[in-house]
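Participant: Return atomic coordinates for the entry below.
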Amino acid sequence: QVQLVESGGGLVQAGGSLRLSCAASGRTLSSTVMGWFRQAPGKEREFVAWISWGGSSTDYANSVKGRFTISRDDAKKTVYLQMDSLKPEDTAVYYCVAGEIFYSFWRTRPGKYDYWGQGTQVTVSS
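Facilitator: Residues are numbered from 1 along each chain as shown. Okay, the predicted model is just below:
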């Protein structure tokens, strides 16, 4: 089992920045992929970013590419999401995820992740 705890959400003005953190505990393997999804009110959950164990591979949704950066500290079992140039449309609950997903084209699919955090609210005001 893997437990994920997010932190760092909050209220920020458009153009501002926030940094989300996700601490993992329990069983993690060298094949564990970690990432972030988000869900806005009335919308489906959507992929934001993922990062491989060791950080050698990453991928981002087109909507956040160039503004968000995902990173991880494997010694601390923590993944981060640095969010810059935030827009009101980034407002959502952000979820940290983890899973052992071999194929990269599966890593944007929420159903492929076995472990989810409780979510942290990010609100961007205009």
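
Participant: got a list of contacts for the one helix or strand residue 37 maps to?
Facilitator: Assigned by DSSP states H and E, residue 37 belongs to strand 32-39. Applying C-beta atoms under 8 Å, 6 or more residues apart in numbering, the contact partners of strand 32-39 are 2, 20, 22, 24, 45-53, 70, 72, 79, 81, 90, 92-101, 107, 110, 113, 119, 122. C-beta: built from backbone N, CA, C; applies to glycine.

Participant: Check the offset of it from the chain's centre.
Facilitator: 4 Å (C-alpha atoms, centre = their mean, to the nearest Å).

Participant: residues of it that come out buried?
Facilitator: Going by neighbour count (16 or more other C-beta atoms under 10 Å), the buried part of strand 32-39 is 32, 33, 34, 35, 36, 37, 38.

Participant: Who are the contact partners of the residue nearest to the fifth one when sequence neighbours are not counted?
Facilitator: If you skip the residues right next to it in sequence, residue 36 has residue 48 as its closest partner in space, 4.2 Å away by C-beta to C-beta, 6 or more residues apart in numbering. Shown in contact with residue 48 (C-beta under 8 Å, 6+ apart): 35, 36, 37, 38, 60, 61, 64, 68, 81, 94.

Participant: residue ranges with poor pLDDT in the chain?
Facilitator: 29-30 (pLDDT under 70).

Participant: where does the most centrally placed residue in it sit relative to residue 126, distance-wise?
Facilitator: Nearest to the mean C-alpha position of the chain, counting by C-alpha atoms, centre = their mean, stands residue 36 at 1.9 Å. Separation of residue 36 from residue 126 (C-beta to C-beta, to the nearest Å) stands at 23 Å.

Participant: same check, this time on residue 2
Facilitator: On the measure of C-beta to C-beta, residue 2 and residue 126 end up 37 Å apart.

Participant: who's more crowded, those two?
Facilitator: residue 2 (20 against 9; other C-beta atoms under 10 Å).
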